[in-house]
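S.K.: no sequence on this one, just coordinates:
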């Protein structure tokens, strides 16, 4: 029968294994091939990375999804003083942008900034066996805009970005699962050891 | 004409209906997991009920004992039915971002020489003053994050006041919501269909997410429907039926109507009319005593009698009339999240005392006008 196919088989187009994801998921995972499929753009896929915790877990680990955006940022502005101030800042490394609903705006809880400044030389867990993970329910298409805005927010902390011209060229996007555990008053992420208050609902049900 | 679409299972070829809950489903023929990717699909979620039958019973008994509600309702009303209903709400969520031009106000101090007109030669520095000035500077704020708004999806006449409460409660309980399949939900209770056009909601959502700033861009937008569980309790009292609707997530009553306590209202009207009559009579006594009664106030008896007459007329005329009106006007107790309140549900009838009252009022106004006329002269 002709016409656009509205049903997609939730199996990996490469290995035939069943793709993993819950009812609200927009991103499904093939653990065997280490691939993540954003279903709106199926069968396009991105690399699946599972990070190894750098902090010893005290409770059962689960993984929270982020889009790991690599690329190059360029900026210019008519004000030379501002350009000089921005050039002296520590550059952001890789942008980790939440693939889950993230309504927190507090800087102290903004993992994107914390990871962009402090997450370096991380090890990946290549076994990926029986891991528990939170569904990726966000699937934005414009990673260049997201990364550009993260950078502009970073620059804005030193000098106002009014009039700045900025551009981010994406060189790659991976789907990254970051290890977390439940803490007494919220969640604890196991890469930098940050405790996030009020995110408890994110943890998958036991 | 829209392009043709294929609704067949890619594994077995069986034709499937579009899902009504979550995009992820299983083929009804071969049980293979499938994902439905149509753009116009609206995911549906339900917030689980938290309140138990015991909570509903206890709170209903408390409501029946409320001061405005008819006495003895708990004993005399018969519970006819209990029905779970699912009220639909739209949730608009996604990501937004951009550079918001905010502007910033800053206070600066300027040095000025404030010379008086007749200032002679001398030291100018003695006239030096510091003047404050507010300047507006360019400033911006980078916004990047998620937004989430909940709007009503169906117009339910009685639920008007409760819609805000439902929206707030839905937002608070979003983490608990679960994807649902409509026909499974329909087994549990009546699923109310959304009747507010989705385009209007999207427009509202875009406006709220952009905060009226053209520089903010919507990076992602999803619309979904959340079903909120409520329970409707239908009662019968003599030949009258009334119902109240209970919030099964947060507890408390959302909307409904109950027979009201009439005796207390009538007594209250007597009291109020009596007080009003007393003060009004006092006022008239003062006015008439000053401008016209002074001539006949020889013993004081006539003066006191006049006041008594006016007072009595107002109490019995106004009080009886008000009580009659309150007794005959159809009132009910309206139940809302703010609590029970009195509501008029029909027209106020004619009263036999009205012509008598009108006569008194006209007499008072004539006397009052006469008094004013005397004063003018």
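M.R.: Yep, that arrived. All of these numbers come straight from a predicted model, not from anything done at the bench.
S.K.: surely residue B:155 touches residue B:193?
M.R.: No. The pair residue B:155 / residue B:193 is not scored as a contact, 11.2 Å apart, by CB atoms under 8 Å. Every C-beta, even on glycine, is put in place using the N, C-alpha and C of the backbone.
S.K.: okay, residue 201: pLDDT?
M.R.: Since no chain was named, I'll use chain A. The model reports residue A:201 with a pLDDT of 67.
S.K.: my question was about chain B
M.R.: With respect to pLDDT, residue B:201 has a value of 83.
S.K.: any idea how far the closest residue to it other than its chain neighbours is from chain A?
M.R.: Of all residues not flanking residue B:201 in the chain, residue B:90 sits nearest, at 4.6 Å (CB to CB, 6 or more residues apart in numbering or on different chains). Distance, residue B:90 to chain A, using CB to the nearest CB, to the nearest Å: 16 Å.
S.K.: can you check residue B:245 too?
M.R.: Residue B:245 is 27 Å from chain A, by CB to the nearest CB.
S.K.: beta-bridge partners for that residue, please?
M.R.: For residue B:245, the beta-bridge partners under DSSP bridges are residue B:232, residue B:255.
S.K.: ok, residue B:37 touching residue A:10?
M.R.: No. Assessed by CB under 8 Å, residue B:37 is found out of contact with residue A:10, at 11.1 Å.
S.K.: still on that earlier bit, neighbours around the residue nearest to residue B:201, how many?
M.R.: When counting by other CB atoms under 10 Å in any protein chain shown, one arrives at 24 neighbours for residue B:90.
S.K.: go on, the one 5 residues further on?
M.R.: Residues lying near residue B:95 (other CB under 10 Å) number 25.
S.K.: beta partners of residue B:137?
M.R.: residue B:104.
S.K.: and the strand or helix carrying residue A:82, what does it pack onto?
M.R.: Per DSSP states H and E, residue A:82 falls inside helix A:80-87. Judged by 3 or more CB pairs under 8 Å, 6 or more residues apart in numbering or on different chains; DSSP states H and E, helix A:80-87 is in contact with strand A:61-76.
S.K.: would you mark the buried spots in the strand it packs on?
M.R.: A:61-69, A:71, A:73, A:75 (16 or more other CB atoms under 10 Å in any protein chain shown).
S.K.: run the angle between that strand and helix A:80-87 for me.
M.R.: 150 degrees (axes from the mean of the first three to the mean of the last three CA atoms, to 10 degrees).
S.K.: could you pull up the mean pLDDT of strand A:61-76?
M.R.: On average, strand A:61-76 scores 92.
S.K.: how about the helices in the chain?
M.R.: The chain I'm using is chain A. Secondary structure of chain A by DSSP state H: the helices cover A:80-87, A:111-118, A:143-156.
S.K.: try chain B instead
M.R.: For chain B, the helices defined by DSSP H cover B:53-64, B:73-76, B:162-172, B:182-188, B:198-210, B:262-291, B:301-313, B:320-328, B:354-376.
S.K.: for these, which has the smallest mean pLDDT value?
M.R.: helix B:301-313 (a mean of 58).
S.K.: doesn't residue B:10 make contact with residue A:7?
M.R.: Yes. Look at residue A:7 against residue B:10 with CB under 8 Å: they come within range, at 6.0 Å.
S.K.: show me which of those two is the more surrounded one.
M.R.: Applying other CB under 10 Å to residue A:7 and residue B:10 shows that residue A:7 carries more neighbours, namely 25 against 15.
S.K.: interface residues of the stretch 151-300 of chain B facing chain A?
M.R.: The stretch 151-300 of chain B comes close to chain A at residues B:175-176, B:178-179, B:217, B:219-220, as judged by CB under 8 Å from any CB of the partner chain.
S.K.: in PyMOL, how would I select just the buried ones from those residues?
M.R.: Buried subset of those, written as a PyMOL selection, criterion 16+ other CB under 10 Å:
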select buried, chain B and resi 179+217+219+220
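S.K.: now the residues of the stretch 151-300 of chain B next to chain A in JSON lines, with pLDDT?
M.R.: Listed next are those as JSON lines, based on pLDDT from 0 to 100:
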{"residue": "B:175", "pLDDT": "78"}
{"residue": "B:176", "pLDDT": "83"}
{"residue": "B:178", "pLDDT": "85"}
{"residue": "B:179", "pLDDT": "84"}
{"residue": "B:217", "pLDDT": "82"}
{"residue": "B:219", "pLDDT": "85"}
{"residue": "B:220", "pLDDT": "84"}
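S.K.: which of the residues of the stretch 151-300 of chain B next to chain A sits closest to chain A?
M.R.: residue B:175 (3.1 Å; CB to the nearest CB).
S.K.: tally of neighbours for the nearest residue in space to residue A:52 that is not next to it in sequence?
M.R.: With sequence-adjacent residues excluded and distances taken as CB to CB, 6+ apart, residue A:52 is closest to residue A:123, at 4.3 Å. Other residues within reach of residue A:123 by the criterion other CB under 10 Å amount to 9.
S.K.: go on, residue A:145?
M.R.: A count of nearby residues for residue A:145, using other CB under 10 Å, gives 18.
S.K.: in chain A, where's the longest strand?
M.R.: Identified as the longest strand of chain A according to DSSP state E is strand A:165-183.
S.K.: what pairs with it, parallel or antiparallel?
M.R.: Going by DSSP bridges, the partners of strand A:165-183 are strand A:46-50 (parallel), strand A:61-76 (antiparallel), strand A:186-189 (antiparallel).
S.K.: residues near residue 156, how many?
M.R.: Reading this off chain A. Residues lying near residue A:156 (other CB under 10 Å) number 18.
S.K.: chain B is the one I meant
M.R.: Neighbour count for residue B:156, taken as other CB under 10 Å: 20.
S.K.: contacting residues for it?
M.R.: By CB atoms under 8 Å, 6 or more residues apart in numbering or on different chains, the residues touching residue B:156 are B:87, B:163, B:192, B:255.
S.K.: from these, pick the one nearest residue B:64.
M.R.: Distances from residue B:64 to the contacts of residue B:156, taken as CB to CB, are shortest for residue B:255 (16.2 Å).
S.K.: residue B:249 versus the closest one, what's the distance?
M.R.: Distance, residue B:255 to residue B:249, by CB to CB, to the nearest Å: 15 Å.
S.K.: more neighbours: those two, which one.
M.R.: residue B:255 (24 against 19).
S.K.: which residues are in contact with that one?
M.R.: Counting by CB under 8 Å, 6+ apart, the residues that residue B:255 touches are B:156, B:158-162, B:244-245, B:335-336.
S.K.: skipping adjacent residues, who's closest to the spatially most central residue of chain A in space?
M.R.: Centroid-nearest residue in chain A: residue A:66, 1.9 Å away (criterion: CA atoms, centre = their mean). Take residue A:66 and drop its neighbours on the chain: the residue closest to it by CB to CB, 6+ apart is residue A:96, 4.1 Å away.
S.K.: tell me how many other residues crowd that neighbour.
M.R.: As a burial measure, residue A:96 scores 24 neighbours (other CB under 10 Å).
S.K.: that one contacts residue A:174, doesn't it?
M.R.: No. Contact criterion CB under 8 Å: residue A:96 and residue A:174 do not qualify, at 9.8 Å.
S.K.: shared neighbours of these two, which are they?
M.R.: Common neighbours of residue A:96 and residue A:174 are listed as A:67-68 (criterion: CB under 8 Å, 6+ apart).
S.K.: hang on, the earlier thing: return the most buried member of the helices of chain A.
M.R.: Sort these by mean neighbour count, taking mean count of other CB atoms under 10 Å in any protein chain shown, and helix A:143-156 sits at the top with a mean of 22.
S.K.: against which helices or strands is that one packed?
M.R.: Using 3+ CB pairs under 8 Å, 6+ apart: helix A:143-156 touches strand A:61-76, strand A:95-98, helix A:111-118, strand A:165-183, strand B:78-101, strand B:140-152, strand B:216-237.
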